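S.K.: Give me a 3D structure for the following:
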Amino acid sequence: MRIRGGVRGRRVGPIDLKSVVVAPGTKQKGRFHERATFEGSFLNSALWAARGAAPGPTLCVVAAIHGDEINSFEIARRSFHRIDPALLKGTMIVVPEANAAGFRNRNRYMMDRRDLNRAFPGSRRGSDTSLVASILFERVIRNCNYLVDLHTGSNFRSNIAQIRVDMKNAQALALAENFGVGVIIGGAGPRG
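M.R.: Numbers count the residues shown, from 1 in each chain. This next block holds a predicted model:
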């Protein structure tokens, strides 16, 4: 994904998501097409963007990194559906099925049996999972001012609603508190 139209956080013109161009005050849905792996559909993920009428920061929402966490897709879909670009300041980019092949097959892992959630920032010369992580990181995540990574319970598993955040980062902690979820777990998270 290439974002054009100014310095991150101060964009005023349209953004170009390769497969979708999003003008200020609009939202679009498209597909994230990138270099294919042996299976070819790893990177054929949905890509949605809402561009506010006014400039502001970029929020990225990533869901279904674990393909069997299917509720994360619906949470991302509803969040995007409720956005009114006329009232939005900034940009919201949603990758509702980061592990598209796993999501379609309700499989937690990528086709090479690796965990996409542990592969970031990835490598263009690594495994298929590492390649996907690299492309998502370079083309989407790196362009964000804020990132929400949605996870839910998988097969036969219930999770309590929780937010994990680096408690040493005051801005991230304030964002976590604004979600209104009662359980906030401290931790900087894994490398990447």
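
S.K.: Going by C-alpha atoms from here, please, whenever you check contacts or count neighbours.
M.R.: Noted.

S.K.: Go through the chain and flag its longest strand.
M.R.: What stands out as the longest strand in the chain, according to DSSP state E, is strand 54-62.

S.K.: residue boundaries of the strands in the protein?
M.R.: Counting by DSSP E, the strands of the chain are 15-16, 21-22, 26-32, 45-51, 54-62, 89-95, 146-149, 163-165, 184-186.

S.K.: For the fifth one, enumerate the helices and strands it packs against.
M.R.: Based on contacts counted as 3 or more Cα pairs under 8 Å, 6 or more residues apart in numbering; DSSP states H and E, the elements that strand 54-62 packs against are strand 89-95, strand 146-149.

S.K.: what does that strand contact?
M.R.: Residues outside strand 54-62 that contact it (Cα atoms under 8 Å, 6 or more residues apart in numbering): 8-12, 24-25, 76, 88-98, 140-141, 143-150.

S.K.: Need the strands of the chain in JSON lines (columns: distance to G126).
M.R.: Supplementary listing: the strands of the chain in JSON lines, determined by distance: least, Cα to Cα, whole Å:
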{"stretch": "strand 15-16", "distance to G126": "27"}
{"stretch": "strand 21-22", "distance to G126": "30"}
{"stretch": "strand 26-32", "distance to G126": "20"}
{"stretch": "strand 45-51", "distance to G126": "20"}
{"stretch": "strand 54-62", "distance to G126": "22"}
{"stretch": "strand 89-95", "distance to G126": "22"}
{"stretch": "strand 146-149", "distance to G126": "23"}
{"stretch": "strand 163-165", "distance to G126": "28"}
{"stretch": "strand 184-186", "distance to G126": "31"}
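
S.K.: among these, which is nearest N107?
M.R.: strand 45-51 (15.3 Å; Cα to Cα).

S.K.: ok and the closest one relative to strand 54-62, angle-wise?
M.R.: Orientation of strand 45-51 against strand 54-62 (axes from the mean of the first three to the mean of the last three Cα atoms, to 10 degrees) gives an angle of 160 degrees.

S.K.: pLDDT at the residue lying farthest from the centre of the chain, what is it?
M.R.: The C-alpha centroid of the chain is most remote from F156, which lies 24.6 Å away (Cα atoms, centre = their mean). Model confidence at F156, given as pLDDT, is 75.
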